[in-house]
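Colleague: quick one: sequence and predicted model below, then my questions.
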Amino acid sequence: MSIGGAPGDLRHLSLRAARAGADAIRQVRHQGFRTVHKGGAAQDPVTTADHASERAILDLLARDRPQDAVLAEESGLSAGCSGLRWIVDPLDGTLNFSHGASRYAVSIAVAAGCDAGDGDGRVVAATILQPASGACLVLDADGAHDGDSRVAVNRDAAPAHALVAFAVPNAPGPRRRAYQALVGLAPRVADLRNSGSTVCDLAAVATGELDAFVSFDPAEWDVAAGTALVEAGGGVTRRWRRDGQTVFATGAPAVVAALENWLGTDRADEEGNDDDEQR
């Protein structure tokens, strides 16, 4: 690769970075952690473990790849000059973590061919690591791997029999609209799941445990690594606008196509009405 590093080196570094974050989370959990809420919202906590994980990851990247841009959930964007951008979610599923539940993860991706502030680019390396269980998925040269085995999406899943995970925004207005959309979706699939961790759900889609995942206005750090792993395992990804929100869906091709049809653009969005106060 001409911009900034051999693919194998980047994959290895993504795994090392995820392990560094996971180790920091385990250490903070053992010592005791504090929780605050962003903007006072109970649905959006951040803990000292989030910050410790992000520091450990960014310190490692700064030592090994100081020329790269980084987009991290807690500290935001730092510029680079290499054409590579690391996308870091240091602890996805913080509410689960703060309640003692085990479904949370560290997500690391690196995208090539993008400027520091550009959301475009192709993910060339990615790791999802779940500290509580040790489960780990890595984007390798020939696909998504769990340890020594290649994993794959359940490509033959039929929409009516699909197990679909979902995530909704934290802000009250967008959260309400997302749940309203899901009311119409629920009778059309086998069942819906909300585990509290987008990253863990995307890992489950990549391994075939879930058939698809749908989210409303996800952040880039929530989905970058997981999307790359799902697509490497044979899944597809779609984004579209509905009721002033970006709907994101990934997973088995037929299920994603059905989700786009069932949750497609509505009249309000076609008219350009994106104002929460008018709904």
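Modeller: That came in fine, so what should we check first?
Colleague: centre of the chain versus the helix or strand hosting residue 29, how much separation?
Modeller: Residue 29 belongs to helix 7-31 when assigned by DSSP states H and E. Mean-position distance between helix 7-31 and its chain equals 16 Å (CA atoms, centre = their mean, to the nearest Å).
Colleague: residues in contact with that helix?
Modeller: For helix 7-31, contacts defined as CB atoms under 8 Å, 6 or more residues apart in numbering pick out 1, 5, 47-49, 52-57, 59-61, 64-65, 84, 86, 88, 90-91, 97, 104, 106-110, 124-129, 131, 136, 138-141. Quick note: C-beta positions are derived from backbone N, CA and C, even for glycine.
Colleague: which stretches of this protein have low pLDDT?
Modeller: Low-confidence segments of the chain, defined by pLDDT under 70, are located at 1-7, 37-43, 114-120, 266-279.
Colleague: among the contacts of helix 7-31, which are located in strands?
Modeller: If you go by DSSP state E, those have 47, 84, 86, 88, 90-91, 106-110, 124-129, 136, 138-140 in strands.
Colleague: give me the beta-bridge partners of the residue nearest to residue 214 when sequence neighbours are not counted?
Modeller: Counting by CB to CB, 6 or more residues apart in numbering, residue 249 is the residue found nearest to residue 214 once chain neighbours are left out, at 4.5 Å. On DSSP bridges, the residues paired with residue 249 through beta bridges are residue 214, residue 238.
Colleague: list the contacts for residue 249?
Modeller: Contacts were defined as CB under 8 Å, 6+ apart; by that measure residue 249 touches 212-215, 237-239, 256, 259-260, 263.
Colleague: from these, list the buried ones, please.
Modeller: Using 16 or more other CB atoms under 10 Å as the burial test, the contacts of residue 249 include 212-215, 237, 256, 259-260, 263 as buried.
Colleague: how about those residues, which pair is most distant?
Modeller: Farthest-apart pair in the buried ones among the contacts of residue 249 is 237 and 263; separation 14.3 Å (CB to CB).
Colleague: now the helices for the stretch 101-250 of the chain?
Modeller: Defined through DSSP state H, counting those that start in this stretch, the helices belonging to the stretch 101-250 of the chain, from first to last, are 172-185, 198-206, 220-232.
Colleague: any idea of the angle the last one forms with helix 7-31?
Modeller: Put simply, helix 220-232 runs at 130 degrees to helix 7-31, going by axes from the mean of the first three to the mean of the last three CA atoms, to 10 degrees.
Colleague: which residue is the nearest non-sequential neighbour of residue 139?
Modeller: In space, not counting the residues next to it along the chain, residue 139 is nearest to residue 126; the distance is 4.1 Å by CB to CB, 6+ apart.
Colleague: that older thread, now, among the buried ones among the contacts of residue 249, which is nearest to residue 193?
Modeller: If you rank the buried ones among the contacts of residue 249 by distance to residue 193 using CB to CB, residue 213 comes first, at 9.2 Å.
Colleague: correct me, but that closest one touches residue 198?
Modeller: Yes: with contact defined as CB atoms under 8 Å, residue 213 counts as touching residue 198 (7.4 Å).
Colleague: which neighbours do these two have in common?
Modeller: Overlap of the contact sets of residue 213 and residue 198 (by CB under 8 Å, 6+ apart) consists of 167, 226.
Colleague: pretty sure the residue nearest to residue 139 contacts residue 106?
Modeller: No: using CB under 8 Å as the test, residue 126 is too far from residue 106 to be in contact (11.3 Å).
Colleague: looking at those two, which is more packed in?
Modeller: It is residue 106, of residue 126 and residue 106, that has more neighbours when counted by other CB atoms under 10 Å, with 31 against 28.
Colleague: which ones are touching that one?
Modeller: Listed by CB under 8 Å, 6+ apart, the contact set of residue 106 reads 18, 21-22, 25, 53, 57, 89-92, 127-131, 199.
Colleague: switch to 10 Å and redo it
Modeller: Residue 106 makes contact with 17-25, 53-54, 56-57, 88-93, 127-131, 136, 199, 225, according to CB atoms under 10 Å, 6 or more residues apart in numbering.
Colleague: next one: residue 237
Modeller: 213, 223, 226-228, 230-231, 248-251, 256.
Colleague: can you put those in JSON lines and add distance to residue 75?
Modeller: Supplementary listing: the contacts of residue 237 in JSON lines, determined by distance: CB to CB, whole Å:
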{"residue": "213", "distance to residue 75": "26"}
{"residue": "223", "distance to residue 75": "19"}
{"residue": "226", "distance to residue 75": "21"}
{"residue": "227", "distance to residue 75": "22"}
{"residue": "228", "distance to residue 75": "22"}
{"residue": "230", "distance to residue 75": "27"}
{"residue": "231", "distance to residue 75": "27"}
{"residue": "248", "distance to residue 75": "23"}
{"residue": "249", "distance to residue 75": "29"}
{"residue": "250", "distance to residue 75": "26"}
{"residue": "251", "distance to residue 75": "31"}
{"residue": "256", "distance to residue 75": "32"}
